[in-house]
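**Student:** Sequence and predicted structure below; questions after.
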Amino acid sequence: MVPRHVVLLGTVAALALAPKALANPSQPVLIDCAGQGVSRPSSIQISCADGGIMVSEIRWSRWDANGAKGQGNLVVNSCIYKGGPSCVEGQTMSYPAALNLTRAASGEGITALTELRLRFSDQGPAGLRTGSYRLDNQRRP
């Protein structure tokens, strides 16, 4: 039998590692693919249906009512491999970028940031210097 204090410490440690959920309603959140409001996530899944586009290794320098700024890597699955198109065996490419979350939308006691703008350190996909994604996931209880 596991001592009760070990189980409690494990639970506290797991909660400390989880992204911060809607802790302060005055602070904005991002609605993730599961429909949950998260603050300062370490990654953002952009393509919820197939997981082919995401931003990883995010380090936030600012997160407040005016928006959020940080650095991370846009990771894109090309869905191309030697035998033809296939996302399962596709090649992933990573593009370092500055991140800017904007377009606050409010409702039901929550303010969500709904647009992700990227400025690539070198070049992004298809040689782009900038890019943007609309983050319009629906909030779920």
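**Tutor:** Cool, got the structure. Numbering: from 1, shown residues only.
**Student:** Sketch out the low-pLDDT regions of this protein for me.
**Tutor:** For the chain, the stretches with pLDDT under 70 are 1-25, 81-86.
**Student:** If you drop the residues flanking it in sequence, what lies closest to the residue nearest the centre of the chain?
**Tutor:** Nearest to the geometric centre of the chain sits I44, at 1.4 Å (CA atoms, centre = their mean). Of all residues not flanking I44 in the chain, V55 sits nearest, at 4.6 Å (CB to CB, 6 or more residues apart in numbering). (Glycine included, C-beta is placed from N, CA and C.)
**Student:** you'd agree that neighbour is in a strand?
**Tutor:** Yes: counting by DSSP: H, G, I helix; E, B strand; the rest coil, V55 falls inside a strand.
**Student:** How many residues are close by it?
**Tutor:** Counted with other CB atoms under 10 Å, residues neighbouring V55 total 23.
**Student:** Can you give me the buried ones in stretch 54-63?
**Tutor:** For stretch 54-63, the buried set under the neighbour-count rule, 16 or more other CB atoms under 10 Å, comprises M54, V55, I58, W60, W63.
**Student:** related to what we said a few turns ago, right, and the residue nearest to the centre of the chain touches G51 too?
**Tutor:** No: in terms of CB atoms under 8 Å, I44 does not count as a neighbour of G51; the distance is 11.8 Å.
**Student:** beta partners of the residue nearest to I44?
**Tutor:** I44, L74 (DSSP bridges).
**Student:** I'd like to know how many residues surround the closest residue to W60 other than its chain neighbours.
**Tutor:** Excluding the flanking residues, the one nearest W60 by CB to CB, 6+ apart is G70, at 4.0 Å. Residues lying near G70 (other CB under 10 Å) number 19.
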